[in-house]
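S.K.: Just need the structure, nothing else, for what follows:
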Amino acid sequence: MIAIVNYKAGNLASVSNALDRLGAEHVISSKVDELESASAVIFPGVGHAQAAMKSLYENNLTEWLINTKKPLLGICLGMQLFFESSDEGDTKCLGIIPGRLRLFSGDNVKVPHMGWNHFGSLSEHPLLDGITCEDYFYYVHGYYAPVTDYTIGSCSYDIDFSAVVARDNFVGVQFHPEKSGTNGVKLLQNFLDFAGVQSKVLKV
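M.R.: Residues are numbered from 1 along each chain as shown. Model prediction:
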């Protein structure tokens, strides 16, 4: 069973639909006991970092997210909240990965970064099995995460930024796999494999 974190800042329907297509049993919940009973967790996110963190605190999810040992996939804002802080609202985030989120300058590129992009570099990790630098994924974000020791995939949009991160049981992607066609399906299946969760369809 996969749990999708519901904290009023997630793109829940599209993530749920993607898991349906993979035949992965899942529940959408903001209750810690239901998240705790899941085999793995998906932490989606869209919108403003400050509002998202406020919602996490209001739902008593912050400490659980920081301390869980379950495989956890952060998507877009969900991945960004892994970091220490954000310039967006001068927000303190979860602090799982060091670094501060910055706004793209807009001097040389349009902000937000919206559309398809490929990787500048990739490291070996189960989440990226079968994925190459030439594969395109769909991005929508105005703020970017720095490249750190926990970056396993980078992308460039005027500046290099973290597109995929991993630290222990925490993995995160800046792009939207649920909107990235067959490549996104492959990555989500990789997460299910990483988490030891069986889906009911053939692997892509």
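S.K.: Scan this protein for its longest helix.
M.R.: Across the chain, the longest stretch assigned as helix under DSSP state H is helix 181-195.
S.K.: contact partners of that helix?
M.R.: 2, 18-19, 21-22, 24, 39-40, 42, 70-71, 73, 126-131, 135-138, 171, 173, 175-178, 180, 198-199, 203-204 (C-beta atoms under 8 Å, 6 or more residues apart in numbering). For glycine as for every other residue, the C-beta is placed from the backbone atoms N, C-alpha and C.
S.K.: Work out the gap between that helix and the centre of the chain.
M.R.: 12 Å (C-alpha atoms, centre = their mean, to the nearest Å).
S.K.: Check stretch 53-64 too.
M.R.: 17 Å.
S.K.: contacting residues for the spatially most central residue of the chain?
M.R.: Ranked by distance to the mean C-alpha position of the chain (C-alpha atoms, centre = their mean), the top residue is residue 75 at 2.0 Å. Residues near residue 75 by C-beta under 8 Å, 6+ apart: 11, 15, 42, 43, 44, 45, 172, 173, 176, 177, 178.
S.K.: List phi and psi for it.
M.R.: Per-residue torsions, residue 75: phi -120, psi 130 (degrees, to the nearest 10).
S.K.: Report the beta-bridge partner residues of it.
M.R.: For residue 75, the residues forming beta bridges with it (DSSP bridges) are residue 173.
S.K.: Same check on the one 10 residues further on?
M.R.: Counting by DSSP bridges, residue 85 forms beta bridges with residue 92, residue 100.
S.K.: Any idea how far apart the tips of stretch 135-152 sit?
M.R.: 15 Å (C-alpha to C-alpha, to the nearest Å).
S.K.: ok, now which ones touch residue 115?
M.R.: With C-beta under 8 Å, 6+ apart, residue 115 has these contacts: 138, 139.
S.K.: Look at it and report its pLDDT.
M.R.: Listed pLDDT for residue 115 reads 98.
S.K.: Does it lie in a helix or a strand, and which?
M.R.: strand 113-117 (DSSP states H and E).
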